[in-house]
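Chemist: Curious how this folds, go ahead:
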Amino acid sequence: MSSSTDSPARSLSDSPRIFENDILDYFSRIDHRIPLAVYGPIVVALAIWSTLHAGALLTLVGLIGGYVFWTLVEYFGHRYIFHWEMPGRLGARMHFLIHGVHHLYPSDPLRLVMPLLMSAPIMMLAALLILSTCGSSGYAILGGFIAGYIGYDMVHYHVHHGETRTAFGRFLKRSHMLHHFRDPDHGFGVSAPWWDYVFGTARDA
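Modeler: This is a model prediction of the structure:
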C-alpha cells in the first residue's frame with residue numbers, strides 16, 4: 001500500500017534528495033532570499049563605484065544594458081541549455097540535475113532559485129567577460145547583469161509560491177505554469193517574456 005508521500009500532489013512540492021553525498025545534497029537547496037542577500041550588496045557597490053568613476057548617466061545606461069544582457073542569457077540558457085536532453089545515462093543525469101528536477105518537482109521551495117554553487121560561477125564568468133571588454137563602464141553593466149539575475153530568481157519564486165495581484169503578474173504565472181504543465185517548448189522567458197515574442201516561442205493563446 002502506498003503512503004501519502006507517493007501522491008502526485010505531494011510530489012509536486014517535495015524537496016527530494018538528488019545526491020548521495022550529504023554535503024552536495026545540502027548545498028543543492030537554497031532559501032529564495034539568499035541570492036538577494038548575497039548579490040544585492042554587490043549590485044549596490046558596483047553602482048556606487050561606477051557613479052563615482054564614470055558618472056551617473058553612464059552608470060544608468062550600463063545598468064540597463066547589463067539587465068538586457070541578463071535577460072538574453074536567461075532566455076537562451078533556459079531554451080538551449082536547461083532543456084537540452086543530452087544523450088546517454090550521464091547526459092540524462094546532467095539534464096536532471098540542471099533542470100529536470102525542477103520540472104519533476106516544480107514547487108520544491110528550496111530549489112526554485114539557483115544554488116550558489118551554480119550561480120557563483122555564472123556571475124564570475126560574466127564579471128570576467130564584461131570587465132575585460134567594457135572598460136570603466138563594465139562595472140555598471142555587471143551590476144545590471146547581476147540585478148537582472150536577482151530579479152529572475154525573485155520572479156521565478158513568486159510565480160510558483162507568491163500571490164499575483166497584477167495583470168502582468170498573472171500573465172507571468174500563467175505563462176510559466178503552461179510551460180511546466182502543458183507546453184515545455186514555449187515560454188522560456190521567465191522574467192523577460194518579450195524575448196519569446198521576438199524569437200518565436202510565445203504561445204498563440
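Chemist: and the lengthiest helix in the chain, how far out from the chain's middle?
Modeler: Longest helix in the chain, counting residues (DSSP state H): helix 138-161. On the basis of C-alpha atoms, centre = their mean, to the nearest Å, helix 138-161 sits 8 Å off its chain's mean C-alpha point.
Chemist: Against which helices or strands is it packed?
Modeler: For helix 138-161, the packing partners by 3 or more C-beta pairs under 8 Å, 6 or more residues apart in numbering; DSSP states H and E come out as helix 34-54, helix 56-76, helix 116-133, helix 167-181. (C-beta placed from N, C-alpha, C; glycine too.)
Chemist: Next, the angle helix 138-161 makes with the second one.
Modeler: Using axes from the mean of the first three to the mean of the last three C-alpha atoms, to 10 degrees, one finds that helix 56-76 and helix 138-161 are set 50 degrees apart in direction.
Chemist: ok, and for helix 56-76, which residues are buried?
Modeler: For helix 56-76, the neighbour count (16 or more other C-beta atoms under 10 Å) marks 58-59, 61-63, 65-71, 73-75 as buried.
Chemist: just to revisit the earlier point, CA-only coordinates of the longest helix of the chain, as PDB, when you get a sec.
Modeler: The C-alpha coordinates for helix 138-161 follow below in PDB (Å, rounded to 0.1, in the frame of the first residue of the first chain):
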ATOM      1  CA  GLY A 138      31.800  47.400 -17.200                       C
ATOM      2  CA  TYR A 139      31.100  47.900 -13.500                       C
ATOM      3  CA  ALA A 140      27.600  49.300 -14.200                       C
ATOM      4  CA  ILE A 141      27.000  46.600 -16.800                       C
ATOM      5  CA  LEU A 142      28.000  43.900 -14.400                       C
ATOM      6  CA  GLY A 143      25.700  45.400 -11.800                       C
ATOM      7  CA  GLY A 144      22.800  45.400 -14.200                       C
ATOM      8  CA  PHE A 145      23.500  41.800 -15.200                       C
ATOM      9  CA  ILE A 146      23.500  40.700 -11.500                       C
ATOM     10  CA  ALA A 147      20.400  42.700 -10.700                       C
ATOM     11  CA  GLY A 148      18.700  41.000 -13.700                       C
ATOM     12  CA  TYR A 149      19.700  37.600 -12.200                       C
ATOM     13  CA  ILE A 150      18.300  38.600  -8.800                       C
ATOM     14  CA  GLY A 151      15.100  39.700 -10.500                       C
ATOM     15  CA  TYR A 152      14.800  36.400 -12.400                       C
ATOM     16  CA  ASP A 153      15.200  34.400  -9.200                       C
ATOM     17  CA  MET A 154      12.600  36.500  -7.300                       C
ATOM     18  CA  VAL A 155      10.100  36.300 -10.200                       C
ATOM     19  CA  HIS A 156      10.600  32.600 -10.500                       C
ATOM     20  CA  TYR A 157      10.000  32.000  -6.900                       C
ATOM     21  CA  HIS A 158       7.000  34.300  -6.900                       C
ATOM     22  CA  VAL A 159       5.200  32.700  -9.900                       C
ATOM     23  CA  HIS A 160       5.400  29.400  -8.000                       C
ATOM     24  CA  HIS A 161       4.600  30.500  -4.500                       C
END
